[in-house]
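> Dropping a prediction and its sequence here:
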Amino acid sequence: MPDKGQNRDFGPSEGASVVRPYGDTTGDGMVQTSFTLPVPPGPRADGAALQLAQKMGIEPAMVVHSAGIGSGGGAAGDSAAFTFFVVYGSVRHLVDLDAVHVEERPYPLLSPGEVNAAVKTRLRRSLVVLGACIGTDAHTVGIDAILNLKGFAGEKGLEYYRELQVANLGAQVSVPELVHAARARKADAVLVSQVVTQRDAHLRNTRELAGAFREAMGESRPLLVVGGPRFDPAMAADLGVDKVFGRGTTPGEVASYLVHALVPEEEPS
Amino acid sequence: MSRLQLDQALVARARELAARAAAPVVDLAATYTTVSVERATLRLAGLTGTDPLDGDGEVPWVNRVVDAVRDQVGLEHGVALPVWHALGSGGTLQDLAEQVGAGTARFTVPEGAAADRAREAARAAVGAGIARIDANRARREELVATHGDPPRRPWIYLIVATGDIHEDIPQAQAAARAGADVIAVIRSTGQSLLDYVPEGATRTGYAGTYATQENFRLMRAALDDVSAELGRYVRLTNYASGLCMPEIAVLAGLERLDMMLNDAMYGILFRDINPHRTFVDQRFSRMVHARAGIIINTGEDNYLTTADAVDEAHTVTVSQLLNERLAHEAGLEDWQLGLGHAFEIDPAVPESFRLELAHALLARGLFPDAPLKWMPPTKHMTGDVFRGYLLDGFFNLAGALTGQGILLVGMMTEAVVTPWLSDRDLALRNVRYVLEAAGNLHEDFAPQPGGFIDRRAHTVLTEAVELLERIAAHPQGLIQAIADGTFGITKRSPDGGKGLDGVVRKAADHFDPATELLTREVSRA
């Protein structure tokens, strides 16, 4: 049984289920943090920083650096309204490793290189992806963020992936047009973004989309993926699509999902 | 400044090829007009505001009028002839716009003496807008003379991006007080794909603030205040990219912006905007920038965020040469060319810093009179903010050592959060330390002829010339090269992309008073 109390051995406490941050001695609890308070620099500011550190569980805390922001380079240096702090100290909280639960997504997040490699070696042809905004929605921000080379949140869009053949049909595409285009281009996946949510237009449009593809193509329909800021990712089955992405989804997550859903598993050799 | 001894025959060859590759693009601008060019003409003539009666949000009057002209008589003659012909019987542009809104405006294309009268009236109206741009340029020169330029190069360029112009203003002023010489207000996500320019003071941008005439005016006024306070003219930057390049360029000139992002190919490659649309729009927008005394910043740094910064270094050089050619052709002078490049080599690559110096010195040597825009690391910035701070320090050092003109301040929280107040402050401290400690190091720094840096620079230049040979060998030059995926990123066909429906082939009697007035000046210069 691991020792549940403070481990006084030197070195990492392998097997311990309760741990503390490590500075230079096991169990010292040392952390380092930095923050800004809207207070002019001075003894009062340092006192305020200590108070915050204490409330964060850092005790004793040391304000090792404090400096007014906006000073040094301009005329307003003396009147800085903010102070930046670096604080070191021992945090009294314990970490119970047994109580750590990790929510795992059902598929791994892949880099663009890994996505390309998976498609190339396991699918052995490029993956055809079609994107559009349907109905009256003219807001292409969502689909563009996922598809455009420029991308979103520091990640390149799907156009950047060599093994993905991407076509962005743009805004106000009708559902029949989309079905026709998906069939003509032999799309593996159809991505639709919906920003306008007036009177639940996004839900109505998505059901219409799913119905049209089911009717036109049955089992051989492409993978249907929808996304938008007001979608609940748990609604996929209810809407009749394969996957729903919510706010803040990045191109990498979408690409990883496409590999998971469309590229056959590696055969064990 | 640069101590590289470049092979001047190779440099001359590169420029000759760039001119040949760009020639078909130059012809495009003479052959086509776009809805945005036509709208920009109306903006120069003073038409502002939006149609209040339209149900689904704001549609600017310039869009309504251009669309109405297009519906009734087509755009191939330009808007100026039918619009000023319709105004012949009196009334203002604003009145005419309201008639368009009410559905009562009737447009025809005049001929003979009526056409002459319409042309004369249009020249006078558009000339008033150009006069305002001229007055702003003179005013900038006066303010620079009064307050002074930054005390050293590079100029320190900092971004603000809250989405709310009224939050941006105090942040921009604080940044200027902390040492920023140039403030860039980044635009809201997706604005580049809007086929209209939003109106008014805006507070609802996402990851950036909408570029509007009123936002331009408010920020410029705020920076004028802080310039007077600091005794240093603080410059303002925005973005002439996307579907409304010509209009945004006009608004920038009318509101005395000082720098504009303006790349010849960025919209095509990174935003999938139609190539014809982009090239026609960029030509017009650059003519306006030239007139306004605005410094353009090109977007070569973007290549290196998608491609490997060592393998594809020569594509940056090629793009710089093409951007230079297309800029000169539109009347911009060398001092107005903030040609872009970036510090994006993987720090894990051996000798990465020496490679960066080689690339930066090559740009410096090729474009000795251009300010050059030096962009910080983004691709290899991770959540490790400490490592990021060190990398930014090396970036700043490379900038000082190689005599860059405009240095965009790198944030250690790149790829983590939009910069906090403290991030910006720490970043400016980093820049100040390096410039104060080593700002004149370029005086002592001369790479050994035949050494690592010298050889690397020549390799990149040679590869750039080879790529230019391939582009120039295409009968359609750059246009075909982009369609073939020559830039290694993506293929963009001349018939594809957004905004193609806004491109119109000019008729023989096409009349565009703005281009006529601006070109007259260019050829005189």
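Cool, the structure landed.

> residue boundaries of the helices in the stretch 151-300 of chain B?
B:165-177, B:213-230, B:245-254, B:266-271, B:275-292 (DSSP state H, counting those that start in this stretch).

> Kindly reformat those as TSV and extend each row with mean neighbour count and mean pLDDT.
No exception for glycine: its C-beta is placed from N, CA and C like everyone else's. Shown next, in TSV, are the helices of the stretch 151-300 of chain B (neighbours: other Cβ atoms under 10 Å in any protein chain shown; pLDDT from 0 to 100):
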stretch	mean neighbour count	mean pLDDT
helix B:165-177	21	92
helix B:213-230	19	97
helix B:245-254	29	98
helix B:266-271	25	87
helix B:275-292	27	97
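
> Which helix runs longest in the chain?
I went with chain A, as the question did not name one. The residue-count maximum for a helix in chain A (DSSP state H) belongs to helix A:201-217.

> looking at chain B here, not the other one
What stands out as the longest helix in chain B, according to DSSP H, is helix B:112-147.

> tell me what that one is packed against?
helix B:35-44, helix B:80-86, helix B:213-230, helix B:245-254, helix B:275-292, helix B:513-524 (3 or more Cβ pairs under 8 Å, 6 or more residues apart in numbering or on different chains; DSSP states H and E).

> what sits up against the second one?
Put plainly, it is helix B:80-86. Contacts with helix B:80-86, where a contact means Cβ atoms under 8 Å, 6 or more residues apart in numbering or on different chains, come from B:41-42, B:65, B:69, B:72-73, B:93, B:96, B:105-110, B:114-115, B:117-119, B:121-122, B:125-126, B:509, B:511-513.

> in the stretch 251-400 of chain B, what spans have low per-residue confidence?
Along the stretch 251-400 of chain B, the model assigns pLDDT under 70 to no residue.

> Please tell me how far the residue of it found nearest chain A sits from B:Leu461.
Closest to chain A within the stretch 251-400 of chain B is B:Phe270: 4.5 Å, counting by Cβ to the nearest Cβ. Between B:Phe270 and B:Leu461 the computed distance is 25 Å (Cβ to Cβ, to the nearest Å).

> got any ranges where chain A has weak pLDDT?
Residues of chain A that meet the cut-off, pLDDT under 70, sit at A:1-14, A:70-79, A:136-139, A:196-198, A:267-269.

> what about the helices in it?
A:43-55, A:112-118, A:141-147, A:175-184, A:201-217, A:236-239, A:251-262.

> if you look at the fifth one, does any of it touch chain B?
No: using Cβ under 8 Å from any Cβ of the partner chain, helix A:201-217 never reaches chain B; the gap is at least 13.3 Å.

> Quick check: buried residues in that helix?
Across helix A:201-217, burial judged by 16 or more other Cβ atoms under 10 Å in any protein chain shown covers A:Ala201, A:His202, A:Leu203, A:Asn205, A:Thr206, A:Leu209, A:Ala210, A:Ala212, A:Phe213.

> Pick the one among these closest to chain B.
For the buried residues of helix A:201-217, with chain B as the reference and Cβ to the nearest Cβ as the criterion, the closest is A:Ala201, at 13.3 Å.

> What residue, apart from its backbone neighbours, is nearest the closest one spatially?
Nearest-residue entry for A:Ala201: A:Gly135, 6.5 Å, with adjacent residues in sequence omitted and distances by Cβ to Cβ, 6 or more residues apart in numbering or on different chains.

> confidence score at the closest residue to B:Leu53 other than its chain neighbours?
Nearest non-adjacent residue to B:Leu53, counting by Cβ to Cβ, 6+ apart: B:Gly101, 5.7 Å away. Note for B:Gly101: predicted pLDDT of 92.

> Now for B:Gly101, how many residues are close by?
When counting by other Cβ atoms under 10 Å in any protein chain shown, one arrives at 19 neighbours for B:Gly101.

> Would you agree it is in contact with B:Val65?
No: applying Cβ atoms under 8 Å, one finds B:Gly101 not in contact with B:Val65, separated by 9.3 Å.

> Get me the contact residues on the stretch 301-450 of chain B for chain A.
Residues of the stretch 301-450 of chain B lying near chain A (Cβ under 8 Å from any Cβ): B:302, B:305-306, B:378, B:414-415, B:420-422, B:425-426, B:428-429, B:432.

> burial count for the residue in the stretch 151-269 of chain A that chain B sits nearest to?
The minimum distance from the stretch 151-269 of chain A to chain B, using Cβ to the nearest Cβ, falls at A:Gly154 (4.6 Å). A:Gly154: 14 surrounding residues under other Cβ under 10 Å.

> In contact with the nearest residue to it once chain neighbours are set aside, which residues are there?
For A:Gly154, ignoring the flanking residues on the chain, the nearest one in space by Cβ to Cβ, 6+ apart is B:Ala415 at 4.6 Å. Contact analysis of B:Ala415 by Cβ under 8 Å, 6+ apart lists A:Gly154, B:Thr378, B:Met381, B:Thr382, B:Gly383.

> List the buried residues for stretch B:471-479?
Buried, per 16+ other Cβ under 10 Å, within stretch B:471-479: B:Ile471, B:Ala472, B:His474, B:Gln476, B:Gly477, B:Leu478, B:Ile479.

> Stretch B:417-434 too?
B:418-432, B:434.

> and of the residues you listed, the nearest to B:Glu199?
B:Thr418 (25.3 Å; Cβ to Cβ).

> Tell me who's in contact with the closest one.
B:Ala161, B:Ala207.

> could you redo the last one with a cut-off of 7 Å?
With contact taken as Cβ atoms under 7 Å, 6 or more residues apart in numbering or on different chains, B:Thr418 is in contact with B:Ala161.

> Chain A: strands as residue ranges?
Remark: strands assigned in chain A by DSSP state E are A:18-19, A:30-37, A:58-69, A:82-91, A:95-96, A:127-133, A:164-168, A:189-193, A:223-227, A:243-245.

> Where does pLDDT dip in the stretch 101-250 of chain B?
Residues of the stretch 101-250 of chain B that meet the cut-off, pLDDT under 70, do not exist.

> same thing but at 90, please
B:151-152, B:160-163, B:171, B:174, B:178, B:188-193, B:204-208, B:241 (pLDDT under 90).

> what does it have sitting close to chain A?
B:Ala174, B:Arg177, B:Ala178, B:Gly179, B:Thr189, B:Gly190, B:Leu193, B:Glu229, B:Leu230 (Cβ under 7 Å from any Cβ of the partner chain).

> any chance of the residues you listed in TSV, plus distance to A:Gly47?
Below are these laid out as TSV (distance: Cβ to Cβ, whole Å):
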residue	distance to A:Gly47
B:Ala174	25
B:Arg177	26
B:Ala178	25
B:Gly179	29
B:Thr189	41
B:Gly190	45
B:Leu193	51
B:Glu229	32
B:Leu230	32
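
> Now do B:Asp501 against chain A, distance only.
11 Å (Cβ to the nearest Cβ, to the nearest Å).

> would that residue count as being in a helix?
Yes: counting by DSSP: H, G, I helix; E, B strand; the rest coil, B:Asp501 is found in a helix.

> thinking again about what came up before, biggest separation within the residues of the stretch 101-250 of chain B next to chain A, which pair?
B:Leu193 and B:Glu229 (37.8 Å).

> coming back round to it: roughly how far apart are the residue nearest to B:Leu53 and B:Phe107?
With Cβ to Cβ as the criterion, B:Gly101 and B:Phe107 are 14 Å apart.

> go on, B:Glu247?
21 Å.

> before we move on, back to that, tell me the angle of the longest helix of chain B relative to helix B:35-44?
Angle, helix B:112-147 to helix B:35-44, by axes from the mean of the first three to the mean of the last three Cα atoms, to 10 degrees: 70 degrees.

> surely the residue nearest to A:Ala201 meets A:Asn205?
Yes: with contact defined as Cβ atoms under 7 Å, A:Gly135 reaches A:Asn205; the gap is 4.5 Å.

> How far off centre is the helix or strand where B:Ile479 lies?
Take DSSP states H and E as the rule and B:Ile479 turns out to sit in helix B:477-483. A distance of 21 Å separates the centroid of the chain from that of helix B:477-483, by Cα atoms, centre = their mean, to the nearest Å.
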